[in-house]
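Trainee: Need coordinates for the below:
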Amino acid sequence: MRRLFLVGCLCLAAAVRAEGLAVPTAAPGPATSTAAPAVTITEVLQRSQQQRLAQRGAADPLSAASQRVQASFDRLVAMLPPGEPARLVLVGGDLFAEAQFDGRSVAVSEAVGDLPEGERLLMLAHELGHVRLEHWAALDGLYRRFIPGEVRPETTDPVAAALGAQAHALSHRHEFEADAFGFTLVRKLGFGVENALRLLTRQGQQPDGATHPGTRRRLAQLRSLDAQLGHALVSPAADIAVAAGTR
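Mentor: This is a model prediction of the structure:
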């Protein structure tokens, strides 16, 4: 099961590995057969994500759990500063939430509706943070700088180590930013560090990973942010600025 509250899944290395960096090739035949079209790294990543979503199946949009997810999502969106509208995509399967590579959508499983309200709001707000902070565009840009053309072993293998290191660092930064964005938003609704603690430790303490910082580091950031937000800030926009690191 995917890690909870952590699943922006915006380290694209995972998607590339899932795709196997495979490029369609023409079937054996006469020399005049048409070659398969070139595949870019952006196409590989988007296709991999859509395949994962398709495997989860559809949610029942009329179920009580789906309705709770939709209500929580709408509640958070209404609190956001003006910007590009965010879209909820309900899917089936176990607990899951993932910002989509279109930069506008968040895919969320029906099962998220069974979480306690504070944890559900934190999970959704974290993914909305990825969307509003345009993390997909930043990470896609990183991958395209290293792999500007067709995805082939000769274009990916030489840059794999350097790309992996930079993607790791960027993904960790994005997770901290999305944590801060989401926590700041949900804190206004009366939920706090104790709710984040319960959500982040549902699968026990996690160490640093390829895509996400470890649980202790993430909670330390939220406790520090909670203390900062305890001081009077003049407006919701100011709170968001603190969370985004612009103040």
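
Trainee: By neighbour count, which bits of the top helix by length along the chain are buried? Give me those.
Mentor: The single longest helix within the chain, with elements called by DSSP state H, is helix 160-187. Judged by neighbour count using 16 or more other CB atoms under 10 Å, the buried positions of helix 160-187 are 163, 166-168, 170-172, 174-187. To be clear about C-beta, it is placed using only N, CA and C from the backbone, and glycine gets the same treatment.

Trainee: looking at this protein, which helix or strand is least sure?
Mentor: Between all helices and strands in the chain, the lowest mean by mean pLDDT, DSSP states H and E belongs to helix 12-19, at a mean of 43.

Trainee: For Leu80, give me its contacts.
Mentor: Ala86, Leu128, Arg132, Leu185 (CB atoms under 8 Å, 6 or more residues apart in numbering).

Trainee: Need the residues you listed in CSV (columns: distance to Glu43 and secondary structure).
Mentor: Converted to CSV, those look like this (distance: CB to CB, whole Å; DSSP: H, G, I helix; E, B strand; the rest coil):
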residue, distance to Glu43, secondary structure
Ala86, 23, coil
Leu128, 25, helix
Arg132, 25, helix
Leu185, 32, helix
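
Trainee: Out of these, who's the most crowded?
Mentor: Neighbour counts for the contacts of Leu80, by other CB atoms under 10 Å, peak at Leu185, which reaches 26 neighbours.

Trainee: Isn't that one up against Val77?
Mentor: No - between Leu185 and Val77 there is no contact under CB atoms under 8 Å: 10.1 Å.

Trainee: Overlap in contacts, the two.
Mentor: Leu128.

Trainee: Sketch out the low-pLDDT regions of the protein for me.
Mentor: Within the chain, the stretches with pLDDT under 70 are 1-37, 231-247.

Trainee: make it 50
Mentor: The model of the chain has pLDDT under 50 over residues 1-34, 232-247.

Trainee: where exactly do the strands run in it?
Mentor: Assigned by DSSP state E, the strands in the chain fall at 87-91, 97-99, 105-109.

Trainee: Run through the residues that contact Pro61.
Mentor: Gln70, Leu90.

Trainee: hang on, I meant Gln221
Mentor: Gln221 neighbours (CB under 8 Å, 6+ apart): Phe176, Asp179, Ala180.

Trainee: Hmm, Arg223 and the last one touching each other?
Mentor: No - between Ala180 and Arg223 there is no contact, the gap being 11.7 Å when judged by CB under 8 Å.

Trainee: In this protein, mark out all the helices, start to finish.
Mentor: Using DSSP H, the helices of the chain run over 12-19, 41-56, 64-79, 117-132, 135-146, 153-156, 160-187, 193-200, 215-229, 236-244.

Trainee: Deepest-packed of those helices, please.
Mentor: Stretch with highest mean neighbour count among these: helix 117-132 (a mean of 25; mean count of other CB atoms under 10 Å).

Trainee: Distance of Glu110 relative to Gln221?
Mentor: The gap separating Glu110 from Gln221 is 30 Å, by CB to CB, to the nearest Å.
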